[in-house]
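# Provided below are the primary sequence and the corresponding predicted coordinates.
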Amino acid sequence: MEKAIKKFWPVFILPTLAAFIIGFIWPFIWGIGLSFCKFTTVKNVQFVGLDNYFKIWQDNTFVHAFVFTTAFTIVSTVLINVLGFTLALLLTRHVRGTNIFRTVYFMPNLIGGVVLGYIWQTLLNGLLTVLEKPLITLNATYGFWGIVILMCWQQIGYMMIIYIAGLQNVPTDLIEAARIDGATSRQVLTRVKIPMVMPSITICTFLTLTNSFKLFDQNLSLTGGEPAKASQMLALNIYDTFYARSGAQWKGIGQAKAVVFFLAVVVIALIQLRLTRSKEVQQ
Amino acid sequence: MKAKKLLSLGIAGTMAVALLAGCSSSGSSSSAASSGDTATSEASAASTTAAGKVYYLNFKPEQDEQWQALAKVYTEQTGVPVTVVTAASGEYETTLMSEMAKSDAPTLFQVNGPIGLANWKDYCYDLTGSDILGQLTSDTYALKDGDATLGIGYVIESYGLITNKTLLEKAGYTIDDIKSFEDLKKVAEDITARQDELGFAAFTSAGMDSSSDWRYKTHLANLPIYFEYQDEGITSTDAIKGTYLDNYKNIFDLYINNSTCAPTELAGKTADDSRNEFLAGEAVFYQNGSWEYVNLTQDGTFTDDDLAMIPIYFGVGDEANQGLCTGTENYWCVNSEAPEEDIQATLDFINWCVTSEEGTKAMANDMGFVIPFKGAQESSNVFVKQDQEMTAAGKTPVSWNFTTMPSENWKNGVGSALTAYAAGTGDWDGVVTAFVDGWATEAALNATA
Amino acid sequence: MQNSKNTKRVNAVISVVLGLLCVAYVYPIVLILLNSLKQERAISTTRIFELPSSETFVRLQNYIYGITSMDFLSSFWYSLFISVSSVLLILLCCSMCAWYITRVHGKLSTGMYYLCVFSMVVPFQMVMFTLAKTADTLKLNTPYNICIIYLGFGAGLAVFMFTGFMKSMPVEIEEAAMIDGCNPLQIFFRVVCPILKPTMISTAILETMWVWNDYLLPTLVLDIKKYRTIPMAIQYFRGSYGKVEMGPMMACIMLTVLPVVILYLVCQKYIIEGVVAGAVKG
């Protein structure tokens, strides 16, 4: 059969491969190339070696964005997963209204980034005014927690669904056996349930981690990086460097920042996968 | 069963799509004429043989509609398609960057002066010998790089404190009572003291939303720069000293403490809010420019007799002879990378704009511009007339030195610091740092380019 | 007995708490809905929590203005067309590609698979400029063919999800079909596709959410002289023409959110199942 399918490769693989080359491979390689160049448009590209990579650190916004993004990623990943898992535990207890709750909690996930940002900006600014505090674009700390709240609101439902599925897959006889052996509910949770849903935890942390680290739309619309770029995350910082700053040198620097950003994402993804995979129970 | 359900769902979906398709095509055709944000005036182009086309990336959001209309007239007359796209406020640089990289790049774009030109000079067509250059009334409006003329200033504008004379009289003053910063302060603080009784405030809200903070981070910030340049006898610098930042603070304090709203609310306010307050008679003074004339008078809220523009008194130098801030930050550049026929079409278009009856009229009346070209029409703009009167009376206009600000980034830094200062989350030192240190940093970055 | 009574009581408390949380979850959207019916000046930060009163209630005025001034209907149409065409194309091409990868072993398959996994971690900012330029050169800058760009950039996730599922699919049925004289195309559409349905749905959901809500890619790639998608239009309400039109902006947010919410409520079973299937298999 393999041979028969192989003959059909132009039908099966070629369209995707072609689009993939146009939409990803070529731009990616070209992007790496441009990070070593100075350019405004592609007509006046000038090779400058590693210059751009040194210049990244000249303006301190990138380092700041890096720290801000890292802090945000850690906080939001922990919060989203802990809360999502808690909700999943509560919703697998067969309480009244489970279906409605599940439906409602999942809903925000379908609303888009830019729109979400504006919805929450309106709400949070209203709240801050009532509390007689400065608006969200004036204080980076509020901005930080604003984005955290927004991301929790958006992502908890999604993770919750995955955790529910994971919990439902834990064999009931396993839990019962543990109970008969005299395990308390807490022990059942930590010794049986959590190890058994480790694959779900892997997926969820992976998803939240990369989503948070690469966040752009919500950052752009909720705070726009204000005040003075203090709430700017990496993706926005790169966009800002690339498009909003005039001057021929900035595009190359922006592209170099993007390469560093990309490497950081790869490293984080690898570490995270290795860490959680090693804890998974072989089923 | 399941498959059937899905199928019916799919059919329903397709029908919905088809329905919506029907809706939107009728919807967009009817609204295209009225809105036309991105509408292309290509209507009659099909039948003609005109080779070139014009794509104008407009900088001034206030005049978007008027440009769309003017482009349409030109297309009807000549058959040359003219597309006008207006970048959202504060996003001109972003849009220009992104558009210039495309194959169908703008043929006509704007830079804001020497600093802006430095970034784009490789893309500017040399206008030496072109018809439009010959139309300029003064060589000072040509933006040069060496021997080449790369940009043409197409509008001269003035800004200052737009004053509602009627309200000012109600408060017991006339514009002749205000001849210095001290006078202005006295009047403003008196109005604030009697605000409840009078029913209006001195200043409209100094909206610091990022779409609107240019009134303070750029226009108001021009004054300390102007007076410092005057002192030093220079026209640009890599390191600003900030000699007059205290005066900058004084006037900004005056704005935010004698305003229609609490300083903490300013971060979310826009220039639009500010204008609406002025239109509603909630405040006497409104810092803005001659381009606001059309907005203030078009629906009959104000007549020419109600309005005046007074200089932004700064407490420095010979205040009695200070004029309005007059200059330009709008230079047209033609994209040298565009195809030959498009460059020609663009040159023809801008020349038509400043020489033809329709063009000059639209620019003078609809847009409220004073244009530095021979064919310019007398402007009906009362602020423009005032500027001419003041200059004739021997007052010295304050020139626009914000074209020498090192970068957009610098302006944004000052804007953020000002906003934080107004809201009380930052102090004035933050503004000083952003102003002085930020200038040096940005100038150094420009130098390494 | 005692124990189950206790559980019941605890469950009731949990129900109430979760119910309250539900209200908190829906509130932001309700807030926008209420404000979209109010007058512009009643939407300032100080008055945002006020309900529309007879004085500030403007009926659908904001909606009408928002729709006409921003040409919202054509934005809606572009967004819809881009989403539907891109997702259909992604589903079709990527499932075929994934089947090839799982059934044919060779350098092409392995290479393609690892490239897809790799592309999932690459942030968009890495390719934003070069992708926009490539799309511009190839004239893939209209809503009617931008789906090719989406296929290219979205292929990674889809192929990854499909192969994850297909690895567990028994090869015997397909072999039987081959013996019956089917060619690979027939096998794929008649045998493989029906089995793939749950994964199709979950992939479709993920990709739809991405494409429908995407802001940066269309902003950079589309010909802005002519086309604007919904997220772009909403961004334009802010800072466009030196003002922020809160009323119409909120109206347009509602018009964007409502279809999605309705669609979700109608087919939530498939959506939730799809998410689960995608996550467990992926």
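Ah, there it is.

# Show me where the chain dips below the pLDDT cut-off.
No chain was given, so I picked chain A. A:276-283 (pLDDT under 70).

# my question was about chain B
For chain B (pLDDT under 70), the answer is B:1-50, B:89, B:448-449.

# ok, now chain C?
Checking chain C against pLDDT under 70 turns up C:1-3, C:45, C:238-244, C:278-282.

# need the contact list for residue 125.
Here I'm looking at chain A. A:135-136, B:268, C:45, C:48 (CB atoms under 8 Å, 6 or more residues apart in numbering or on different chains). Using the backbone N, CA and C atoms, a C-beta is placed for each residue, glycine as well.

# hmm, I had chain B in mind actually
B:150, B:333-336, B:338, B:343.

# ok, now with 7 Å
Contacts for B:Tyr125 (CB atoms under 7 Å, 6 or more residues apart in numbering or on different chains) come out as B:334-336, B:343.

# Need the max-distance pair from the contacts of A:Asn125.
The largest separation in those, counting by CB to CB, is between A:Ile136 and C:Ile48 at 13.0 Å.

# ok, C:Asn6 to C:Val13 distance?
With distances taken as CB to CB, to the nearest Å, C:Asn6 is found 11 Å from C:Val13.

# ah, wrong one, I meant A:Gly224
Taken as CB to CB, the span from A:Gly224 to C:Val13 is 41 Å.

# These two: who's more crowded?
A:Gly224 (21 against 11; other CB atoms under 10 Å in any protein chain shown).

# How many residues are close by C:Val84?
Every residue meeting other CB under 10 Å relative to C:Val84 is counted, giving 17.

# And it, which helix or strand is it part of?
Per DSSP states H and E, C:Val84 falls inside helix C:72-103.

# Once you drop chain neighbours, what's closest to the residue in chain B positioned nearest to chain A?
Proximity of chain B to chain A (CB to the nearest CB) peaks at B:Ser416, 3.6 Å away. Computed as CB to CB, 6 or more residues apart in numbering or on different chains, the closest residue to B:Ser416 that is not its neighbour in sequence is A:Ala228, at 3.6 Å.

# The one you found looks like it's in a strand, true?
No. Under DSSP: H, G, I helix; E, B strand; the rest coil, A:Ala228 falls outside any strand and is assigned coil.

# burial measure for the residue of chain C found nearest chain A, as a count.
At 1.6 Å from chain A, C:Gly152 is the closest residue in chain C, using CB to the nearest CB. Number of residues near C:Gly152 (other CB under 10 Å) recorded here: 29.

# so what's it up against?
So C:Gly152 contacts A:19-20, A:22-24 (CB under 7 Å, 6+ apart).

# Which positions in the stretch 101-250 of chain A make contact with chain B?
Contact residues (CB under 7 Å from any CB of the partner chain) of the stretch 101-250 of chain A with chain B: A:125, A:134-135, A:137-139, A:224, A:226-228, A:243-249.

# tell me what the helix or strand hosting A:Ile149 is packed against?
Assigned by DSSP H and E, A:Ile149 falls within helix A:140-168. In terms of contacts (3 or more CB pairs under 7 Å, 6 or more residues apart in numbering or on different chains; DSSP states H and E), helix A:140-168 is packed against helix A:61-91, helix A:98-106, helix A:113-130, helix A:198-213, helix A:217-222, helix C:268-281.

# how about the fourth one, does it reach chain C?
Yes. Residues of helix A:198-213 are located near chain C by CB under 7 Å from any CB, namely A:203, A:210.

# In terms of distance to C:Met161, which of the contacts of A:Asn125 ranks first?
A:Ile136 (36.3 Å).

# can you count the residues close to the residue nearest to A:Gly117 when sequence neighbours are not counted?
Distances taken as CB to CB, 6+ apart place A:Ser221 nearest to A:Gly117, at 2.6 Å, with adjacent residues excluded. Using other CB under 10 Å, A:Ser221 has 24 other residues around it.

# got the contact list for A:Ser221?
A:113-114, A:117-118, A:121.

# And the strands in chain B?
B:40-41, B:54-58, B:82-86, B:108-111, B:142-145, B:148-153, B:157-164, B:201-203, B:283-289, B:307-310, B:322-327, B:331-334, B:396-398 (DSSP state E).

# Arrange the ones you listed in TSV, one row each, with distance to B:Gly359 and mean neighbour count as further columns.
Below are the strands of chain B laid out as TSV (distance: least, CB to CB, whole Å; neighbours: other CB atoms under 10 Å in any protein chain shown):
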stretch	distance to B:Gly359	mean neighbour count
strand B:40-41	15	22
strand B:54-58	13	23
strand B:82-86	12	24
strand B:108-111	14	25
strand B:142-145	19	18
strand B:148-153	14	22
strand B:157-164	18	24
strand B:201-203	37	24
strand B:283-289	22	23
strand B:307-310	26	22
strand B:322-327	22	23
strand B:331-334	13	25
strand B:396-398	26	19
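
# Just put those in CSV and tack on distance to chain A.
Below are those laid out as CSV (distance: least, CB to the nearest CB, whole Å):
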stretch, distance to chain A
strand B:40-41, 23
strand B:54-58, 14
strand B:82-86, 16
strand B:108-111, 9
strand B:142-145, 15
strand B:148-153, 14
strand B:157-164, 22
strand B:201-203, 20
strand B:283-289, 21
strand B:307-310, 31
strand B:322-327, 20
strand B:331-334, 13
strand B:396-398, 25
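
# of those strands, which approaches A:Gly157 most closely?
Nearest of those (CB to CB): strand B:82-86, 38.9 Å.

# and the residue in the stretch 101-250 of chain A positioned nearest to chain C, what is it in contact with?
Closest residue of the stretch 101-250 of chain A to chain C, CB to the nearest CB: A:Gly112 (2.7 Å). Contacts for A:Gly112 were tallied using CB under 7 Å, 6+ apart; they are C:212-213, C:231.
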